[in-house]
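Novice: model the following, please.
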Amino acid sequence: MRGSVALCATAQPFIMKLEVLITRFQQKDVSAFERLYGMYAENICGVINTIVRNETLAQEICQDVFVKIWHNAASYNSSKGRFFTWILNIARNAAIDEMRSKSYKNQKKNLSADSFVGILEPEGSHNEAAIDAEGIRRLINRLKQKCVEIIDLLYFKGYTQKEVAEELEIPLGTVKTRNRNCISQLRENMKK
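Specialist: As a prediction, the model looks like this:
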């Protein structure tokens, strides 16, 4: 019982300290912003990177997110949720917006087949032989047409699974299942 009281006693000052920091941030205190940035930037960049899968782009988006929260500091309302959640939602939306942007899709369309190799390597494989683009294309062409379409849209054109479902007019669950099955089939084809 005493341990939980001590824990609450130590947690309470942190909460108060965070609330004071957020209030100062909302009053445009630069040092408060810098502290909050130090507390949250690494995690926010990590979340963004899991969405865009490009560390440099994730860092750029992360910087934009922090500029955005600075300009919109007054819009944060603690009664609607935690501060971290507020930043996280802004970051997530920014990352998704970037993925939906035309420039991001064009960049993904220009991927070489070499960027696809990591997905195809069988688990536990340490084969250092390079698989060239033509070899990958042959492997893909040995698949059923529905697999070729899904792989092309997801991995070469940068579509999200939801966008693939809309494009092919099939349920999202079907896209997910086919994607897993198609990648498994590619791995099996590589063993042959």
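Novice: tell me how many other residues surround I51.
Specialist: 18 (other C-beta atoms under 10 Å). Bear in mind the C-beta positions are built from the backbone N, C-alpha and C, glycine included.
Novice: determine the three-state secondary structure at it.
Specialist: At I51, secondary structure determined by DSSP: H, G, I helix; E, B strand; the rest coil is helix.
Novice: list the contacts for it?
Specialist: A58, R92, A95, I96, M99 (C-beta atoms under 8 Å, 6 or more residues apart in numbering).
Novice: how about 10 Å then?
Specialist: I51 sits next to L57, A58, I61, A91, R92, A94, A95, I96, E98, M99, T160 when contact means C-beta atoms under 10 Å, 6 or more residues apart in numbering.
Novice: distance of the first one relative to N49?
Specialist: Using C-beta to C-beta, to the nearest Å, one obtains 8 Å as the distance from L57 to N49.
Novice: list residues touching both of these two?
Specialist: With C-beta under 10 Å, 6+ apart as the test, L57 and N49 both reach A95.
Novice: what helix or strand does L186 sit in?
Specialist: If you go by DSSP states H and E, L186 is part of helix 172-191.
Novice: separation between the spatially most central residue of the chain and R24?
Specialist: By C-alpha atoms, centre = their mean, the chain has its centre lying nearest to I51, at 1.2 Å. Per C-beta to C-beta, I51 is found 30 Å from R24.
Novice: excluding residues flanking it in the chain, which one is nearest F25?
Specialist: In space, and not counting its chain neighbours, F25 is closest to A32: 4.2 Å by C-beta to C-beta, 6 or more residues apart in numbering.
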